[in-house]
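In: Model the structure of this input:
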Amino acid sequence: MNGFSRQPAPENALQPCAGGRFLRRESCIIYTRGTELSDWLRIAEHIAARWAILAIDALLVAFLIYRLLLLAKGTRAYQVLVGLLVFVLALYLSDALGLETIHWLLDRMTTLGPVALVILFFPELRRVLETIGRVEFWRSSLGVGADAAPIQQAINEVVSAVQQMARDRIGALIVWERKDRIAEGNGVELQAEATSPLLRTIFYPGSPLHDGAVILRGAEIVEAAVYFPEISQNPDIPSTMHTRHRAGIGVTETSDCIAIIVSEETGQITVAVDGAWTQNVDADHLRRLLSDLLTGESRPRILERMGATLSSVRRTRTERRTEERTEERTA
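Out: Numbering: from 1, shown residues only. Reported below is the predicted structural model:
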């Protein structure tokens with residue numbers, strides 16, 4: 001080979017490495033492996049950051065849907081929101097499964113659907129937006145406890161009003177919302193601070209708003225002159241309780257609200273929760289009940305304090321059925 005032979009490079013000779021650098025062999029190997037490792041780490045960090053963003057996005061959407069369903073629960077808008085979720089799921093599945101005709105029909109409905117919903121449910125949408133804009137909504141969403149002082153002040157005002165109306169034999173039905181929303185806009189919207197003079201003025205005989213119920217939410221009166229479409233059909237309700245009492249008990253059978261009923265015939269105060277009720281409640285008892293119910297005390301303790309546990313209700317029904325069977329046999 002012309003007398004020339006290629007000699008191997010000495011071990012300490014410089015070699016080209018990644019990044020255009022020249023290093024010794026050992027250093028070059030270490031540098032190359034370190035560069036590859038850093039590249040993999042950057043890729044892993046990018047993937048992790050991307051998945052973290054997707055997870056946060058999904059959690060925010062799920063949280064928003066949950067809050068909207070919770071906000072609309074107990075109103076006619078609740079079924080609409082559930083229907084929208086089913087519609088979106090059907091639209092996605094029809095596209096994924098290749099059901100072209102069904103997907104085409106559902107896709108055409110999406111153009112007119114939002115406009116129709118806004119027209120039909122404008123009052124509900126307005127109330128949802130108003131609620132989202134309030135501080136209480138974000139406090140409950142973020143798990144921050146609301147200030148108990150306004151609630152306690154409202155309790156004192158309600159107790160004072162109920163006590164005076166019972167003394168004057170003025171009939172009244174006050175429904176206090178908790179988690180479930182029952183105000184649907186079928187009454188007169190007030191959005192006023194709950195005070196004793198205002199409540200007594202609303203229920204004063206001859207007042208334009210004295211018929212129907214007053215709905216409280218937090219420390220505010222949200223609606224007055226509200227009529228509930230259904231009344232309780234519980235056979236255990238005494239005959240001395242009439243339409244006002246049955247309406248108050250009935251609304252507690254389908255929601256977690258509190259109903260306070262004042263009889264215009266006897267002046268007795270009745271409190272109903274979860275379809276159970278207690279009669280002849282005095283002011284101190286009423287104040288304790290409202291404080292317990294509105295501050296989240298467990299349901300069994302409240303029912304025990306009310307003196308109307310579910311077991312006693314079932315026992316009364318069983319005794320009545322036994323008496324009816326005995327009367328049928330003797331007849």
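In: only C-alpha atoms for contact and neighbour calcs from this point on.
Out: Will do.
In: Pretty sure Met165 sits against Val262.
Out: Yes: counting by Cα atoms under 8 Å, Met165 touches Val262, with 7.4 Å between them.
In: Residues that sit against both of these two, list them.
Out: 171-172 (Cα atoms under 8 Å, 6 or more residues apart in numbering).
In: more neighbours, those two?
Out: Of the pair Met165 and Val262, Val262 is the one with more neighbours under other Cα atoms under 10 Å, namely 27 against 24.
In: quick one: the more buried one and Ala172 touch, right?
Out: Yes: here Val262 lies in contact with Ala172, judged by Cα under 8 Å, at a distance of 5.0 Å.
In: Any idea what Ile269 is bridged to?
Out: In this entry, Ile269 is beta-bridged to Val262, by DSSP bridges.
In: surely it meets Val262?
Out: Yes: between Ile269 and Val262 there is a contact under Cα under 8 Å: 4.8 Å.
In: Which neighbours do these two have in common?
Out: Residues touching both Ile269 and Val262 (Cα under 8 Å, 6+ apart) are 162, 166.
In: Now do the SS call for Ala224.
Out: Three-state assignment for Ala224 (DSSP: H, G, I helix; E, B strand; the rest coil): strand.
In: just checking, it touches Gly212?
Out: Yes: the pair Ala224 / Gly212 is scored as a contact, 7.1 Å apart, by Cα under 8 Å.
In: who has more neighbours, these two?
Out: Per other Cα under 10 Å, whichever of Ala224 and Gly212 has more neighbours is Ala224, with 28 against 18.
In: Quick one: residues contacting that one.
Out: When contacts are counted by Cα under 8 Å, 6+ apart, Ala224 touches 187-190, 202, 209, 212-215.
In: Identify the bridge partners of it.
Out: Counting by DSSP bridges, Ala224 is bridged to Val188.
In: per-residue confidence at it?
Out: Model confidence at Ala224, expressed as pLDDT, equals 94.
In: go on, Gln163?
Out: Looking at Gln163, its pLDDT reads 96.
In: Can you show me the strands along the stretch 201-331 of the chain?
Out: Secondary structure of the stretch 201-331 of the chain by DSSP state E, counting those that start in this stretch: the strands cover 213-217, 220-226, 258-262, 269-273, 276-278.
In: Return the list of strands paired to the last one, each annotated with direction.
Out: This means strand 276-278. strand 269-273 (antiparallel).
In: quick one, the strand it pairs with and strand 258-262 angle?
Out: In terms of direction (axes from the mean of the first three to the mean of the last three Cα atoms, to 10 degrees), strand 269-273 departs from strand 258-262 by 160 degrees.
In: what do Val262 and Ala172 both touch?
Out: With Cα under 8 Å, 6+ apart as the test, Val262 and Ala172 both reach Met165.
In: hang on, Asn156 packs against Leu286?
Out: No: using Cα under 8 Å, Asn156 is not in contact with Leu286, being 9.8 Å away.
In: Just the CA atoms of stretch 54-70, as PDB, please.
Out: The C-alpha coordinates for stretch 54-70 follow below in PDB (Å, rounded to 0.1, in the frame of the first residue of the first chain):
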ATOM      1  CA  LEU A  54     -55.100  17.900  29.300                       C
ATOM      2  CA  ALA A  55     -55.900  16.600  32.800                       C
ATOM      3  CA  ILE A  56     -56.400  20.100  34.100                       C
ATOM      4  CA  ASP A  57     -58.600  20.900  31.100                       C
ATOM      5  CA  ALA A  58     -60.700  17.800  31.600                       C
ATOM      6  CA  LEU A  59     -61.100  18.400  35.300                       C
ATOM      7  CA  LEU A  60     -62.200  22.000  34.800                       C
ATOM      8  CA  VAL A  61     -64.800  20.900  32.200                       C
ATOM      9  CA  ALA A  62     -66.100  18.200  34.600                       C
ATOM     10  CA  PHE A  63     -66.200  20.600  37.500                       C
ATOM     11  CA  LEU A  64     -68.100  23.200  35.400                       C
ATOM     12  CA  ILE A  65     -70.700  20.500  34.300                       C
ATOM     13  CA  TYR A  66     -71.000  19.300  37.900                       C
ATOM     14  CA  ARG A  67     -71.600  22.900  39.200                       C
ATOM     15  CA  LEU A  68     -74.200  23.600  36.500                       C
ATOM     16  CA  LEU A  69     -76.100  20.400  37.200                       C
ATOM     17  CA  LEU A  70     -76.000  21.200  40.900                       C
END
